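In: Give me the fold of what follows.
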Amino acid sequence: MPPPTPEGEVLPPHTDAVPAQPIPDYEREVSRPNSRERGWNILATPGTYILLGINIAVFCYMIFRGVSPSNPTPNQLLYFGATNTEFIMHGQWYRLLTATFVHVGLLHIATNMWCLWNLGLLGEPLLGPFGLIAVYVITGISGNLLGLFSNVVFRDYGSVGAGASGAVFGIAGILIVLLSNKKLPIPAFELKRLRRSVIQFAVLNLIIGIGANFTSIVRIDNHAHIGGFLSGLALGVPLVPRMTSGRTRYLARQKLTFAAAAFLLFLFAYFITKLK
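Out: Numbers count the residues shown, from 1 in each chain. Now for the predicted structure:
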């Protein structure tokens, strides 16, 4: 039987950075968008709210089309783009992306969007809107590809997967790497605090995901979590040296990194097709 795979995470990070040398899209707390001192400014972090908007719009459309907000069926999830090994291996590769915007009920989307919102407000000033969306897409697909690989190896062709948690873990992964840059105009103790909070988020939710699979309450796809997290770490490594070298060089490094990552994902997908 094809069980759905809901996931959920929670992390409420805050920053209190002080001004120094300007770096791409990162400002101190008083001038940061959505800070406690300035109130809400959606247009200042468009990437985060675009991703939130797409996820929420897809969920609302599913409800409008008659999908249960608490217990959607596997067939309903598949109709709206969830992953399934059999379907993907027969050409429906788009599901690796669409599944990152499909959620298994209200609790599932609420926890994922809470995490995406908090990590997005922390990560978008470091990555920019394009960078944040690119990381979401690349790491979300990476997580689903690892899940696909596992399903092919263990001949699990019936399971259904959906959710943004692989991409959320990917954003957490890249933040852990980017926040290790000691050249950022942020006090060292604050960098350590922010980085520690993201690490704790990742470790705690991986433990919860592993533990949940020993219960009959919920099944969590830890392959998506691990794949997203590891790809996020990998994406961050080539970006760190260019974070303080000027916006033009930093954005050029981003584009090169994301293009290389997309190519590697294509090669991995091609490799999986040869395992049939």
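In: what ranges do the strands span in the chain?
Out: Ranges of strands in the chain, per DSSP state E, are 83-84, 160-161.
In: Check those for me: which has the lowest mean pLDDT.
Out: Ranked by mean pLDDT, the strands of the chain bottom out at strand 160-161, with a mean of 92.
In: Quick check: which ranges of the stretch 151-276 of the chain have low pLDDT?
Out: Within the stretch 151-276 of the chain, the segments meeting pLDDT under 70 span 211-220.
In: coming back round to it: most neighbours per residue, which of the strands of the chain?
Out: Mean neighbours per residue, mean count of other C-beta atoms under 10 Å, is largest over the strands of the chain for strand 160-161, with a mean of 28. (Glycine included, C-beta is placed from N, CA and C.)
In: just to revisit the earlier point, with distance to Gly246 added, can I get the strands of the chain in TSV?
Out: What follows is those, written out as TSV (distance: least, C-beta to C-beta, whole Å):
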stretch	distance to Gly246
strand 83-84	39
strand 160-161	40
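In: So for Pro72, which of the ones you listed sits nearest?
Out: Across the strands of the chain, Pro72 has its closest neighbour in strand 160-161 (9.8 Å, C-beta to C-beta).
In: Sheet partners, orientation included, of the closest one?
Out: According to DSSP bridges, strand 160-161 has the following sheet partners: strand 83-84 (antiparallel).
In: and for the partner strand, what are the contacting residues?
Out: With C-beta atoms under 8 Å, 6 or more residues apart in numbering as the test, strand 83-84 has contacts from 2, 78, 95-96, 99, 144, 147-148, 157-162.
In: since we're on Phe64, how many residues are nearby?
Out: For Phe64, the count of nearby residues is 8 (other C-beta atoms under 10 Å).
In: related to what we said a few turns ago, could you dump the contacts of strand 83-84 to a markdown table with distance to Ile50?
Out: Listed next are the contacts of strand 83-84 as a markdown table, based on distance: C-beta to C-beta, whole Å:
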| residue | distance to Ile50 |
| --- | --- |
| Pro2 | 31 |
| Leu78 | 25 |
| Arg95 | 21 |
| Leu96 | 20 |
| Ala99 | 18 |
| Asn144 | 20 |
| Gly147 | 25 |
| Leu148 | 26 |
| Tyr157 | 34 |
| Gly158 | 33 |
| Ser159 | 29 |
| Val160 | 26 |
| Gly161 | 23 |
| Ala162 | 20 |
